[in-house]
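In: no sequence for this one, just the structure:
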């Protein structure tokens, strides 16, 4: 059902996404440093996370559209403890929900600034973090930084 | 009374006809109790509830369990039936996180109304504190978020609630002290509950200066982890009398669920959470024929302090954005406007979902809460919350039959 990316690749031991058939194109685009979002070709809804059918109209006629990569911070939590032992020494780090220019929300990390400088409403843009040879995580940094 | 919500009239009719009651309660010791298994806690709590009702084990013909975080089983209810030596004709496991315990009451009521059982044992127990392995804890945290689109960013469970708290702070100018007041009140109430895990006094300053877990949530904004079990027996007034149950009966007046999202990523705005809490509460209130002002004692899911503020507002006890000052003024304390979680809740007594919330609501309506007794308590509300303020369940309980 899922294709598990290597968990120890390059010494990276934090949790990695396990791709599903319907999500792999999204991750493949990330790997090429292209930020894309799924869109329903029938009703036009841009949605996140990628699914096998449109969560609004159930259409299976979907596409990945090239997205702006621009977003605003909707909320954030400065983590002082990570979820696994691999986060030892890492905190504080920022987990945020950003709202992209296309109107979808997604979870990410805010990087490229001090955690205490993150604000709700802050304009951010995508940056790509190649955490392993197989996995690239889209993260966001303040615009202009 | 007419209602525009589909199903309310049917629910009222069924609850009036069957007079569903909680007729027995049991809770084991709580806290750090090594060397007791999950199934031992389930068994001990069940035994205590059966003895409290004064019935025989064989009188139980229905079983509703939840799940174990430590000993995960594919068929939890029947696994426990085997261990406990029970042969129920109705059995089911409810698995909606923190919304589970409240919905076990509803599940039992529906099974009874549909003729599937007459005396339903509802039980949950776990050795979460002593028994869970570090990999089990990681698996649990992973389960609480989207494994593919959230977990790789390092989200923790407190972090998920911190996301809600940060947005709440932004929208309503709430402060750290507003959250802290909830923790302080829970600790005050826990000091009056014999089996509470944490009873030493706690101040607002101590909460806001405690270690940051996921800003804006500090250590004492987070619930405890504990070992223990709790159970209750759901039946009808008629059957309770036929069985000669002497304990005061506590009546089910209404129930409802409300769904917002599973993953925080899928949340549109805070109103989506309020609407889910509100629709859960409204269904329960409308079925009961009462409103927030009629509630004498409330039991709200308090996995984190922020959860309580959202619930108080979503259920209509206070307007949006005003729960913080309400808590800070001490109005959630026993003897004040809306006594909340008189047993100390998940923040200070024990963490077994909302099992103890249901047990304590029953204790209060029986008038058996001793030093914690809310004077003239006749109507109680219990609200459960699963996921990251995702899935909600509400029941309204009364000292007298529903009218």
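Out: Structure received. This is a predicted model, so every value here is computed, not measured.

In: got the buried residues for the helix or strand encompassing residue B:77?
Out: In the assignment (DSSP states H and E), residue B:77 maps to helix B:76-84. Neighbour counts over helix B:76-84 (16 or more other CB atoms under 10 Å in any protein chain shown) mark B:76-81, B:84 as buried. From N, CA and C alone the C-beta is placed, and that goes for glycine too.

In: List just the nearest of these to residue B:213.
Out: Relative to residue B:213, the closest of the buried residues of helix B:76-84 is residue B:76; by CB to CB it sits at 29.8 Å.

In: In chain B, what residue comes closest to chain A?
Out: Taking CB to the nearest CB, chain A has its nearest neighbour within chain B at residue B:162, 3.4 Å off.

In: Alongside chain B, which residues does chain A contribute?
Out: For chain A, the contact set with chain B under CB under 8 Å from any CB of the partner chain comprises A:14-20, A:23, A:48-49, A:74-85, A:87, A:90, A:92-93, A:95-97, A:105-109, A:120, A:135, A:137, A:139.

In: Beta-bridge partners for the residue in chain A that chain B sits nearest to, please?
Out: Here chain A gets closest to chain B at one residue, residue A:77, 3.4 Å apart by CB to the nearest CB. Assessed by DSSP bridges, residue A:77 has beta-bridge partners residue A:95.

In: ok, it - contacts?
Out: A:94-96, B:155, B:159-160, B:162-163, B:165-166, B:214-217 (CB atoms under 8 Å, 6 or more residues apart in numbering or on different chains).

In: Please apply the same query to residue B:105.
Out: Counting by CB under 8 Å, 6+ apart, residue B:105 touches B:22, B:122, B:232, B:234, B:252, B:255, B:358, B:382, B:395.

In: Could I get those in JSON lines, plus columns for pLDDT, distance to chain A and neighbour count?
Out: Listed next are those as JSON lines, based on pLDDT from 0 to 100; distance: CB to the nearest CB, whole Å; neighbours: other CB atoms under 10 Å in any protein chain shown:
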{"residue": "B:22", "pLDDT": "98", "distance to chain A": "37", "neighbour count": "30"}
{"residue": "B:122", "pLDDT": "98", "distance to chain A": "32", "neighbour count": "30"}
{"residue": "B:232", "pLDDT": "98", "distance to chain A": "34", "neighbour count": "31"}
{"residue": "B:234", "pLDDT": "98", "distance to chain A": "36", "neighbour count": "28"}
{"residue": "B:252", "pLDDT": "98", "distance to chain A": "35", "neighbour count": "27"}
{"residue": "B:255", "pLDDT": "98", "distance to chain A": "28", "neighbour count": "26"}
{"residue": "B:358", "pLDDT": "98", "distance to chain A": "30", "neighbour count": "29"}
{"residue": "B:382", "pLDDT": "98", "distance to chain A": "28", "neighbour count": "27"}
{"residue": "B:395", "pLDDT": "98", "distance to chain A": "30", "neighbour count": "31"}
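
In: farthest pair in those residues?
Out: B:232 and B:255, at 14.4 Å, using CB to CB across those.

In: could you measure residue A:64 against residue A:35, distance?
Out: According to CB to CB, to the nearest Å, residue A:64 and residue A:35 sit 10 Å apart.

In: Verify the stated contact: the residue of chain B closest to chain A with residue B:216.
Out: Yes. Counting by CB atoms under 8 Å, residue B:162 touches residue B:216, with 6.1 Å between them.

In: Compare the two (neighbour count), which wins?
Out: residue B:162 (31 against 22; other CB atoms under 10 Å in any protein chain shown).

In: Quickly find the element holding the more buried one.
Out: helix B:157-172.

In: what's that helix packed up against?
Out: With contacts defined as 3 or more CB pairs under 8 Å, 6 or more residues apart in numbering or on different chains; DSSP states H and E, the packing partners of helix B:157-172 are strand A:70-79, strand A:93-100, strand B:212-215, strand B:217-218, helix B:270-288, helix B:305-314.

In: Go through that helix and flag the buried ones.
Out: Buried, per 16+ other CB under 10 Å, within helix B:157-172: B:157-169, B:172.

In: and the closest residue to residue B:160 other than its chain neighbours, how many neighbours does it have?
Out: Nearest non-adjacent residue to residue B:160, counting by CB to CB, 6 or more residues apart in numbering or on different chains: residue B:388, 3.8 Å away. When neighbours are defined as other CB under 10 Å, residue B:388 has 28 of them.

In: So residue B:388 sits against residue B:145, correct?
Out: Yes. Here residue B:388 lies in contact with residue B:145, judged by CB under 8 Å, at a distance of 7.5 Å.

In: For those two, list the residues in contact with both.
Out: B:157, B:160, B:263-264.

In: Which two among those are spaced furthest apart?
Out: Farthest-apart pair in the shared contacts of residue B:388 and residue B:145 is B:157 and B:263; separation 12.8 Å (CB to CB).

In: Name all residues that sit in contact with these two at the same time.
Out: Contact criterion CB under 8 Å, 6+ apart; residues shared by residue B:157 and residue B:263: B:145, B:388.

In: Can I get the buried residues of helix B:157-172 in CSV including pLDDT?
Out: Formatted as CSV, these follow (pLDDT from 0 to 100):
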residue, pLDDT
B:157, 96
B:158, 97
B:159, 97
B:160, 97
B:161, 98
B:162, 98
B:163, 98
B:164, 98
B:165, 98
B:166, 98
B:167, 98
B:168, 98
B:169, 98
B:172, 98
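
In: partners of the most centrally placed residue in chain B in the sheet?
Out: Centroid-nearest residue in chain B: residue B:354, 2.2 Å away (criterion: CA atoms, centre = their mean). Residue B:354 forms beta bridges with residue B:352, as assigned by DSSP bridges.
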